[in-house]
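3D, please:
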Amino acid sequence: MKVELFDFNLPEELIAQVPLEKRDASRLMVLDKTSGAVRHQQFPDIIGHLNEGDCLVLNDTRVLPARLFGIKEDTGAKIEVLLLKQAEGDAWETLIKPAKRIKKGSILTFGEGKLTAKCIEEQEHGGRILEFSYEGIFYEVLESLGEMPLPPYIKEQLDDRERYQTVFSREAGSAAAPTAGLHFTEDILGRLQDKGVSVAYITLHVGLGTFRPVSADTVEEHEMHAEFYQMTEGTARLLNETRAAGGRIVTVGTTSTRTLETIASAGDGVFSEESGWTNIFIYPGYEFKGIDGMLTNFHLPKSSLIMLVSSLAGRENVMSAYEEAVKERYRFFSFGDAMLII
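Numbers count the residues shown, from 1 in each chain. Modelled structure (predicted):
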């Protein structure tokens, strides 16, 4: 299948650079996955599309302020470090700019010595394994020194870093936000639960590979990056009970979707307590085993994310809906509007 089939023309001015003043003020396109029909609504209208007995699945990962600015100890040269994932103990996989300055044994300092790092391994494409030294709790030091690693298509500075966190974020570990969840407020979640909709949580720590375009000519050649996920026994039980009672499972975001499909695929449609690494790649032709609907944002052309969405609602339906979104001036990507596929 040609990657070009998932390309579309996106005017640059439709890429949302800042979040709206109110989280739930975004627009909501509702896409019927069977007929391809679309409706234009506002985000709070999502409440009317979920029924008593349905289960909404949210990713409770929290974004690390993973971009650090420091200096190379021996020369004073300025260095930018992006934390990717924890390797072991205080060792982290990172990307460094400029990487050529940092060799095995190099020492970096941040925040006038509050945090130091030693390069213990050189990798390809600017990758380095750094071992950090600090006093106190690492995540607290990181909160005081780090900046949010906003996606490369966002050029504006973020005034309030909490606007790149969901209101239900709690498990620190992501390099990017599960952005479909940014629209929710405590009020909307409460109203859904009052209606009889269950809310379940999983964790998938989002990696920067999320933003990587598919560079292969054909979809089948693309290799997905691996991300860490976790499902508790309580969530697994709730999902199994929802399915047994005839309720629908609706995921919030591609991260929740990939987690549920990873576990459901291994369990023949049954969910279980589980954690591990997933590189599942979902594209048209895939048969869903764990979900019935999905809330998502509008994605990059030719990305693995638009392929996943197309696998749920059909490529022609999705590409037509995206054409409609451009025509109707929807806001795209992380701080943009939402689409409910149901």
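
from here on, just use CA atoms for contacts and neighbour counts.
Noted.

quick check: beta-bridge partners of the residue nearest to Ala177 when sequence neighbours are not counted?
Excluding the flanking residues, the one nearest Ala177 by CA to CA, 6 or more residues apart in numbering is Val63, at 5.8 Å. Following DSSP bridges, Val63 is listed with bridge partners Ser174.

how many neighbours does Val63 have?
25 (other CA atoms under 10 Å).

for it, give its distance to Met294.
Computed with CA to CA, to the nearest Å, the distance linking Val63 and Met294 is 22 Å.

helices of the chain, start to end?
Along the chain, counting by DSSP state H, helices occupy 138-145, 186-194, 233-244, 253-266, 304-313, 315-327.

which one of those lies closest to Thr34?
Proximity to Thr34 (CA to CA) singles out helix 304-313 among the helices of the chain, at 6.8 Å.

distance of the closest residue to Ala25 other than its chain neighbours from Asn297?
Nearest residue to Ala25, sequence neighbours excluded (CA to CA, 6+ apart): Phe43, at 6.5 Å. Phe43 sits 12 Å away from Asn297, taking CA to CA as the criterion.

overlap of the contact sets of these two?
Common contacts of Phe43 and Asn297, defined by CA atoms under 8 Å, 6 or more residues apart in numbering, comprise Ala338.

which of those two has more neighbours?
Neighbour tally, Phe43 and Asn297, criterion other CA under 10 Å: the higher count belongs to Asn297, 29 against 22.

you'd agree the more buried one is up against Ala325?
No: taking contacts as CA atoms under 8 Å, Asn297 lies outside contact range of Ala325: 11.3 Å.

turn the helices of the chain into TSV, including mean pLDDT, distance to Leu82 and mean neighbour count.
Shown next, in TSV, are the helices of the chain (pLDDT from 0 to 100; distance: least, CA to CA, whole Å; neighbours: other CA atoms under 10 Å):
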stretch	mean pLDDT	distance to Leu82	mean neighbour count
helix 138-145	94	12	14
helix 186-194	98	31	15
helix 233-244	98	32	17
helix 253-266	97	21	23
helix 304-313	97	23	24
helix 315-327	98	32	18
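
can those helices go into CSV with extra columns for distance to Thr75?
Shown next, in CSV, are the helices of the chain (distance: least, CA to CA, whole Å):
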stretch, distance to Thr75
helix 138-145, 21
helix 186-194, 49
helix 233-244, 51
helix 253-266, 41
helix 304-313, 41
helix 315-327, 49
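
and Arg329, how many neighbours does it have?
Neighbours of Arg329 under the rule other CA under 10 Å: 12.

who's in contact with it?
Arg329 touches Leu14, counting by CA under 8 Å, 6+ apart.

look up phi and psi at it.
Dihedral pair for Arg329: phi 60, psi 40, per degrees, to the nearest 10.

quick check, pLDDT for it.
Per-residue pLDDT puts Arg329 at 98.

same question for the one 4 residues further on.
Here the pLDDT value assigned to Phe333 is 96.

let me see the contact set for the residue nearest to Ala25.
When contacts are counted by CA under 8 Å, 6+ apart, Phe43 touches Asp24, Ala25, Ser26, Arg27, Leu28, His183, Ala338.

one more pass at 7 Å, please.
Residues counted as contacts of Phe43 (CA atoms under 7 Å, 6 or more residues apart in numbering) are Asp24, Ala25, Ser26, Arg27, Leu28.

for Glu93, same thing?
Glu93 sits next to Leu83, Leu84, Lys85, Gln86, Ala87, Arg128, Ile129, Leu130 when contact means CA under 7 Å, 6+ apart.

narrow those residues to those that are buried.
Leu83, Leu84, Lys85, Arg128, Ile129, Leu130 (16 or more other CA atoms under 10 Å).

one step back: buried ones among the contacts of Phe43?
Listed as buried from these are Asp24, Ser26, Arg27, Leu28; burial here means 16+ other CA under 10 Å.

for Glu274, see how far away Glu80 is.
According to CA to CA, Glu80 and Glu274 sit 35 Å apart.

where in the protein is pLDDT low?
Low-confidence segments of the chain, defined by pLDDT under 70: 210-211.

if we can go back for a sec, identify the farthest-apart pair in the buried ones among the contacts of Phe43.
Asp24 and Leu28 (9.8 Å).

in this structure Ala37 contacts Leu31, no?
Yes: when contacts are counted by CA atoms under 7 Å, Ala37 is listed as touching Leu31 (5.9 Å).
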